[in-house]
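**Q** Quick one, what's the 3D model for this:
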Amino acid sequence: METSFKEIITIAGYAIEAFGVLVVIIGSCVSTFAYLRTYKKLHEGSAYKKYRQELGRSIILGLEFLIAGDIIRTVVVADSLENVGILALIIVIRSFLSITLHLEVEGRLPWKKEQVS
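**A** Numbering: from 1, shown residues only. Have a look, this model is predicted:
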C-alpha cells in the first residue's frame, strides 16, 4: 500500500510541475500574440511594457506550480535529509527568481502595497 501511495504522490507532483510548464508555455504564447496584435496600435514602448508584464506574470505563476510540485515530491517521496536540503536550495532559487521577476514586472516588491496615483 505504501508503494502505491508514493507512486500516486510522485505522479501528482510531476503533474503539477507539468501544469506549471504548460502555464509558462501558454502564457508566453498568449502574451506574444497579444503583443503582435497590438504593438502598432499602442504608444511606443507601452506595448512592449505590457508584453513584458504579461510574460513575467505567466512565468511567475508557472514557477509557483513548479515549486509546489517539488515540495510534494520531495517531502512525501524522498524523505532523506539530503533531498530536503536540495529542495530548500531549489525553493530559494525559484523564490529569488519570483521576487526579482515580480519587481521587474510590477516595479515593486511583492509585499509592498500598490501605490494609488
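
**Q** Surely V75 is in contact with L87?
**A** Yes. At 7.4 Å, V75 counts as touching L87 under the criterion of CB atoms under 8 Å. Where C-beta positions appear, they are placed from N, C-alpha and C, glycine not excepted.

**Q** What is the neighbour count of V76?
**A** A count of neighbours around V76, defined by other CB atoms under 10 Å, yields 15.

**Q** An error on my part: the question was meant for K49.
**A** 12.

**Q** Also the one 3 residues further on?
**A** Residue neighbour count, defined by other CB under 10 Å, stands at 15 for R52.

**Q** Spatially central, which residue of this structure would that be?
**A** Geometric centre of the chain, nearest residue: L63, 2.0 Å, by CA atoms, centre = their mean.

**Q** which residues touch that residue?
**A** Neighbouring residues of L63 by CB atoms under 8 Å, 6 or more residues apart in numbering: 20, 94, 97-98, 101.

**Q** go again using 10 Å as the cut-off
**A** L63 is in contact with 20, 23-24, 93-95, 97-98, 101, counting by CB atoms under 10 Å, 6 or more residues apart in numbering.

**Q** Please apply the same query to E104.
**A** Contact analysis of E104 by CB under 10 Å, 6+ apart lists 52-53, 56, 60.

**Q** low-confidence ranges in the protein?
**A** 1-3, 77-79, 115-117 (pLDDT under 70).

**Q** residue boundaries of the strands in it?
**A** Using DSSP state E, the chain contains no strands.

**Q** Tell me which stretches of it form helices.
**A** Under the criterion DSSP state H, the chain contains helices at 2-38, 46-72, 81-106.

**Q** so of those helices, which one's packed in deepest?
**A** The highest average neighbour count among the helices of the chain, using mean count of other CB atoms under 10 Å, belongs to helix 46-72 at a mean of 18.
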